[in-house]
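>>> mind folding the following:
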Amino acid sequence: MTKVTKLDQKAQFIELRAKEVPYEKIAQELEVSKPTLIKWGRELETEISNRNSKKYTFKRKT
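Sure, this is the predicted structure:
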């Protein structure tokens, strides 16, 4: 069995929040409490925002 590290959980959290997955679903999937996820959301706001903006980036035609 592979051990999931806190860094792995945070990386998954960033991906899921960027996809606008609710905290409740993330808490179940990652087995992390909702208050912890809210704290991570504040700490990782920039990373989530950056990930979110990447999915709306379009290539310019030349």
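
>>> quick one: low-confidence parts of the protein?
The chain contains residues with pLDDT under 70 at 1, 54-62.

>>> and E47, how far from T2?
24 Å (C-beta to C-beta, to the nearest Å). Bear in mind the C-beta positions are built from the backbone N, C-alpha and C, glycine included.

>>> those two: which has the busier surroundings?
Shown here are E47 and T2; by other C-beta atoms under 10 Å, E47 has more neighbours (17 against 5).

>>> quick one: what helix or strand has the more buried one in it?
helix 45-54 (DSSP states H and E).

>>> for that helix, list the C-alpha coordinates in CSV.
Output of helix 45-54 as CSV, limited to C-alpha atoms (Å, rounded to 0.1, in the frame of the first residue of the first chain):
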residue,chain,number,x,y,z
GLU,A,45,-5.1,30.5,-3.0
THR,A,46,-2.5,31.7,-5.5
GLU,A,47,-1.7,28.2,-6.7
ILE,A,48,-5.4,27.4,-7.1
SER,A,49,-6.0,30.7,-9.0
ASN,A,50,-3.0,30.1,-11.2
ARG,A,51,-4.2,26.6,-12.0
ASN,A,52,-7.6,27.9,-12.7
SER,A,53,-6.4,30.6,-15.1
LYS,A,54,-4.4,28.0,-17.1
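
>>> packing partners of that helix?
Applying 3 or more C-beta pairs under 8 Å, 6 or more residues apart in numbering; DSSP states H and E, one finds that helix 45-54 makes contact with helix 6-18.
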